[in-house]
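[1] fold the following.
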Amino acid sequence: MKTINDAIVERLYKYMNEQNLTQYKLAQLSGVPFTTLKSIMQRKTSNITLKTIILLARGLNISLNEFLDKNSFNCEKLELE
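    Numbering: from 1, shown residues only. Sure thing, here's the model as predicted:
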C-alpha cells in the first residue's frame, strides 16, 4: 500500500518530467528550499505540510486540485503513517 508521501512524490515526478524541471528549478519556482524538496523526493520527510504542497503546486503552475488528483489520493488506497 502506498503512503501519502509516496503519492506526493509520484505527482511531483509526473509534473516535473512533463515540464522538464529539475528539483533545483522547482525549488526556485516554488520558494520551497532545495534541501526540503530533495528530502521530500528522497522520501526522507515524513510530514509534508499542506503549505509546502501548495507552494509546490504553484511552482508547477497547476492548481492544488490538479495536484491532489482523486485517483492519486484515493483515501481507501493510501496508508496513513
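
[2] going by C-alpha atoms from here, please, whenever you check contacts or count neighbours.
    Noted.

[3] how about low-confidence regions in this protein?
    Low-confidence segments of the chain, defined by pLDDT under 70, span residues 1, 74-81.

[4] at 90 instead, please
    1-7, 45-47, 68-81 (pLDDT under 90).

[5] what about residue 15, which SS state?
    helix (DSSP: H, G, I helix; E, B strand; the rest coil).

[6] correct me, but it touches residue 59?
    No: Residue 15 lies out of contact with residue 59 (C-alpha atoms under 8 Å); the separation is 10.4 Å.

[7] flag every buried residue along the helix or strand containing residue 8.
    Element membership of residue 8, judged by DSSP states H and E, is helix 4-18. Buried residues in helix 4-18, counting neighbours by 16 or more other C-alpha atoms under 10 Å, are found at 4-9, 11-13, 15-16.

[8] just send the residues you listed back as TSV, with distance to residue 72 too.
    Listed next are those as TSV, based on distance: C-alpha to C-alpha, whole Å:
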residue	distance to residue 72
4	9
5	11
6	10
7	6
8	8
9	11
11	8
12	12
13	13
15	13
16	16
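
[9] residue 32 contacts residue 52, correct?
    Yes: at 6.9 Å, residue 32 and residue 52 qualify as touching, with contact defined as C-alpha under 8 Å.

[10] common neighbours of these two, please.
    Shared contacts of residue 32 and residue 52, defined by C-alpha atoms under 8 Å, 6 or more residues apart in numbering, are absent.

[11] would you state the strands of the chain in chain order?
    2-3, 78-79 (DSSP state E).

[12] ok, back up a step: using CSV, write down the CA coordinates of the helix holding residue 8.
    Presented in CSV, the C-alpha positions along helix 4-18 are these (Å, rounded to 0.1, in the frame of the first residue of the first chain):
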residue,chain,number,x,y,z
ILE,A,4,0.6,9.9,1.2
ASN,A,5,4.2,10.8,0.8
ASP,A,6,4.6,8.3,-2.0
ALA,A,7,1.6,9.8,-3.8
ILE,A,8,3.1,13.3,-3.4
VAL,A,9,6.5,12.2,-4.8
GLU,A,10,4.8,10.4,-7.7
ARG,A,11,2.8,13.6,-8.6
LEU,A,12,6.0,15.7,-8.3
TYR,A,13,7.9,13.4,-10.7
LYS,A,14,5.0,13.4,-13.1
TYR,A,15,4.7,17.2,-13.4
MET,A,16,8.5,17.8,-13.2
ASN,A,17,9.0,15.3,-16.1
GLU,A,18,6.2,16.9,-18.2
